[in-house]
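> Could you look at this predicted model? Sequence included:
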Amino acid sequence: MPQPILERSPILELRGVDKIFGDFAAVERVDLSIAEGEFFTIVGPSGSGKTTLIRMLVGMDAPTRGEILLRGQRINETPANKRPFCMVFQSLALFPHMTVGENVAYSLKCRGIGKKERRERATECLALAHLPASYYDRAVTKCSGGEKQRVALARALAYDPEVLFFDEPLSALDYRLRKTLEKELKDIQRETGKTFIYITHSLEEAMVMSDRIGVMRDGRLAQVGSPREVYDRPRTRFVSEFFGEVNAFPVTAKDGRLWCEPLAMAFDPPPDAPAGFKSGALIVRPEHLHFDPAAAEPIRGEVFNEYLLGSRVQYQVRAGGTTLLVEGMGGQPPATREVALSFSPADSLLFAE
Amino acid sequence: MTDLSETLPASAASARPSEAPARPAWRPSTGLLCALPMLLLLGLGFLAPLLIVAVYSFMPRGTFSLTSAPTFENYVDIVAQNFHISFLWSIWLALLTTVILMAVCWPLAVSIKKLSPSRALLLTVLIVAPLFVAENIRLQGWSLFLDRAGLLDGGLKATVGLSTGSLTANVPVVVFGMVYIYLPFMLFPMMLGLANVPPAALEAAQDLGASRWQQFRDIELPLAAPGLVIGALLVFVISLGAFSESKFLGKGVIVTVSEDIESAFTFGQNWPRGSALSVLVIVLAGAAAFFGLRRLDLDSMLGRK
């Protein structure tokens, strides 16, 4: 069993990092500590500052304020080619005029390593990225999308960086290939023990691969935690909604319960409801909303749509002028279009507004 | 695969007879029809004179007939009467101009690429603008500026009492004139070439530990090479035929091959000699273009694959 992530020593630290373009703060007051050998994913919608953050870490942009530390040493002023980091770009940025092997071995060439050793080490890295040695002399322009991904990964591995960065490299691939590469990436990270920092806007990607996830919004880190923590205990409504579709009930506190005006009914508050709550939103994920004819205080509604999502089924239910999402495992479909719904207060999240 | 190749022709063959309509035996394609006016013009205005020049170069010296017995004496005369000196001057000046322009235009093209589109456009317009003034007039302008008692010399004398004397009538000023005149011919192909260098590729190289020099040598230069080669070819070939610069700025300090060709056809009334010199220039320019372009994939450069 590997050492728990948070007990390991930090390899990278950000202290109060800002990046300001004109009068726009792309990244604002980010404090973050990334542990040695961690798979850390930064998720956020487009424009949330993920790419700016990663570019500062790699050394392609300088922070306006704050400090970036590598094992306690300030590296703000160290240029990208002097940092022991490597990045897999969103566009991959392969060198189109070189062969697969030349691409992979380029960092070794820059370091003045001889031809024979270059070939050996590049072939090892190709193997690590699941590419056969026969690809060494192939033109990189002749490779398929997935193969190019692997070349880009092998090229980054050949540099032997202490931290590998990924800027949404899988976003252009089809679903199945993406799933395969996600798993392989996680395997390679475990095998090499290197620190991986990955950015994506895809929740699924983040959940599958990461030890910890940082959720960004408007240039700030909204929450940092394990995939479980971030999913089960989101700290803000934004984080809860970012991780998939949710049902949000506008509620106000009334006699120790939560009154929901559109549904004209009251809910019990979740056990960890914030003290002094006045009004806000009660969030219930679709999988926590159940068809429950025997419920004491059911939400009454009418099923009007049904989607098959592979192993799950999603129902759209109209209740009190709003549309609710209910997700079942394909178990018991409602017998009638008129349904009664309920959820356990422990599965709901309450956010003040 | 083998199955397909065996079955496909059979089914195609069976389908063919029924669907083949009655067609005229030969109909020119639309492409050919569209190209026809240009083909006629080029055939009459370009190929035919070229052929006549080639034939003249093998006629006896001084003749105006195209039907005499062929001879090599014009080519022998070129060396015997020292016409090869002007030829070598032209080659040397063309090479020098090409190399200087490569060095001058590279940083310029790289910086223009980094500008915002509107600024890049402004700069491009400023560079193109002089092309709307005839070359000879611009060179005369430089001559008036640089001559003894010209704008520079006279201006300095009148204000600070210094004299530069004449800055014309030397070889460097001829090279200067050529560099000045041919700059756009190098700059624009080079910009086109540099547009083929994805900025991310340079960042990736830097990220992989490449120094500025390594990024230039391994990424920028090879990716921009097509533009560079085309620019170099254009400049070399045009400056091989240059003569205004040596005439207006060089004031006869050197004679280029184009001046020799002109005088052979005019004062000299020796068309065969002029033709022989022309053929040599054409062969040299053609060879440069052939070897240069053979290494290029123009389609990929213009974004077609």
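Looks like it came in fine. Residues are numbered from 1 along each chain as shown, chains lettered A, B, ... in the order given.
> just so I have it, where are all the helices in the stretch 1-150 of chain B?
B:2-19, B:30-42, B:48-56, B:73-80, B:84-114, B:117-128, B:135-146 (DSSP state H, counting those that start in this stretch).
> Measure how buried the closest residue to chain B within the stretch 201-350 of chain A is and give me the count.
Proximity of the stretch 201-350 of chain A to chain B (C-beta to the nearest C-beta) peaks at A:His201, 19.0 Å away. All C-beta atoms are positioned from the backbone trio N, CA, C, and that covers glycine. Applying other C-beta atoms under 10 Å in any protein chain shown, we find 18 residues neighbouring A:His201.
> Residue numbers of the stretch 101-250 of chain A in contact with chain B?
A:106-107, A:109-111, A:155, A:159 (C-beta under 8 Å from any C-beta of the partner chain).
> From A:Thr200, how far out is the residue nearest the centre of chain A?
Central residue of chain A (C-alpha atoms, centre = their mean): A:Ala206, 3.2 Å from the mean position. As defined by C-beta to C-beta, to the nearest Å, A:Ala206 lies at a distance of 6 Å from A:Thr200.
> Any of the residues of the stretch 101-250 of chain A next to chain B buried? List them.
Neighbour counting with 16 or more other C-beta atoms under 10 Å in any protein chain shown marks A:106-107, A:109-110, A:155, A:159 as buried within those.
> need the residues you listed in a markdown table with pLDDT and secondary structure, can you?
Below are those laid out as a markdown table (pLDDT from 0 to 100; DSSP: H, G, I helix; E, B strand; the rest coil):
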| residue | pLDDT | secondary structure |
| --- | --- | --- |
| A:Tyr106 | 94 | helix |
| A:Ser107 | 93 | helix |
| A:Lys109 | 93 | helix |
| A:Cys110 | 92 | helix |
| A:Arg155 | 94 | helix |
| A:Tyr159 | 92 | coil |
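> so which strand or helix has the closest residue to A:Tyr136 other than its chain neighbours?
Among residues not flanking A:Tyr136 along the chain, A:Gly101 sits closest, at 3.6 Å (C-beta to C-beta, 6 or more residues apart in numbering or on different chains). According to DSSP states H and E, A:Gly101 maps onto helix A:100-110.
> I figured B:Pro222 hits A:His97, correct?
Yes - contact criterion C-beta atoms under 8 Å: B:Pro222 and A:His97 qualify, at 5.0 Å.
> So, low pLDDT: which residues of chain A?
Along chain A, segments meeting pLDDT under 70 span A:1-7, A:329-333.
> got the residue ranges for the helices in it?
Here chain A has its helices, by DSSP state H, at A:50-58, A:100-110, A:115-128, A:145-158, A:175-192, A:203-209, A:227-232, A:237-242.
> now the ones you listed in JSON lines, with distance to A:Leu289?
Shown next, in JSON lines, are those (distance: least, C-beta to C-beta, whole Å):
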{"stretch": "helix A:50-58", "distance to A:Leu289": "31"}
{"stretch": "helix A:100-110", "distance to A:Leu289": "50"}
{"stretch": "helix A:115-128", "distance to A:Leu289": "44"}
{"stretch": "helix A:145-158", "distance to A:Leu289": "38"}
{"stretch": "helix A:175-192", "distance to A:Leu289": "27"}
{"stretch": "helix A:203-209", "distance to A:Leu289": "19"}
{"stretch": "helix A:227-232", "distance to A:Leu289": "16"}
{"stretch": "helix A:237-242", "distance to A:Leu289": "14"}
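> rewinding a little: contacts for the helix holding A:Gly101, please.
A:86, A:94-95, A:98, A:117-119, A:121-123, A:125-126, A:131, A:135-140, A:143, A:151, A:154-155, A:158-159, B:205, B:208-211, B:214, B:218 (C-beta atoms under 8 Å, 6 or more residues apart in numbering or on different chains).
> to the chain's geometric centre, what's the distance from it?
30 Å (C-alpha atoms, centre = their mean, to the nearest Å).
> Compare the helices of the stretch 1-150 of chain B and give me the one nearest A:Glu338.
helix B:2-19 (57.5 Å; C-beta to C-beta).
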